[in-house]
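Engineer: got a structure for you, letters missing:
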């Protein structure tokens, strides 16, 4: 009786661990590629310029509503221009970098290659673990 209870408890713990691992891997895949049932297409590349241009009327309304002085507004404008330049430089340098040891022949980002490899590994480990647990439960009950 005690031996059967231990096997049942061990099986329950293993099932929980495997299901938790599958959930974590699917959550990680969804973070990278988006929802799984989203039609199979996703875009990991963001647009080049996410900033919105401000018209002169919007600028004057903003100055009046914020109540900041003209010198403070000029400083903010200068910082926004500098931030836009830094973003542009960061995007240009990020495009040319790759992870060491991974070739960039296909033009696909290195992060996607690593994510695909990790997802494949997790999927094979998960299915192998499920088969292993099923064989253990089959031997215990059969």
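Structural biologist: That came through fine. Quick caveat: nothing in here was measured; it's all calculated off a predicted structure.
Engineer: residue boundaries of the strands in the protein?
Structural biologist: Assigned by DSSP state E, the chain shows no strands.
Engineer: which sections of it are below the confidence cut-off?
Structural biologist: Along the chain, the parts satisfying pLDDT under 70 run over 38-68, 94-107, 142.
Engineer: What ranges does it have for its helices?
Structural biologist: 2-33, 56-66, 70-96, 110-141 (DSSP state H).
Engineer: In a markdown table: the ones you listed, plus mean neighbour count.
Structural biologist: Bear in mind the C-beta positions are built from the backbone N, C-alpha and C, glycine included. Converted to a markdown table, these look like this (neighbours: other Cβ atoms under 10 Å):
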| stretch | mean neighbour count |
| --- | --- |
| helix 2-33 | 13 |
| helix 56-66 | 11 |
| helix 70-96 | 11 |
| helix 110-141 | 13 |
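Engineer: what does stretch 127-142 contact?
Structural biologist: Residues from elsewhere that reach stretch 127-142 (Cβ atoms under 8 Å, 6 or more residues apart in numbering): 4, 7, 11, 14-15, 18, 21.
Engineer: now do 6 Å
Structural biologist: Outside stretch 127-142, the residues within contact range by Cβ atoms under 6 Å, 6 or more residues apart in numbering are 7, 11, 14, 18.
Engineer: Against residue 7, how distant is the residue nearest to residue 18 when sequence neighbours are not counted?
Structural biologist: Of all residues not flanking residue 18 in the chain, residue 129 sits nearest, at 4.9 Å (Cβ to Cβ, 6 or more residues apart in numbering). From residue 129 across to residue 7, the span is 17 Å (Cβ to Cβ, to the nearest Å).
Engineer: cool, and residue 36?
Structural biologist: On the measure of Cβ to Cβ, residue 36 and residue 7 end up 34 Å apart.
Engineer: cool, residue 29 as well?
Structural biologist: 33 Å.
Engineer: With residue 123 instead?
Structural biologist: Between residue 123 and residue 7 the distance is 27 Å, computed by Cβ to Cβ.
Engineer: How about residue 20?
Structural biologist: Counting by Cβ to Cβ, the separation of residue 20 from residue 7 is 20 Å.
Engineer: Check residue 76 too.
Structural biologist: According to Cβ to Cβ, residue 76 stands 67 Å off from residue 7.
Engineer: That'll do, ta.
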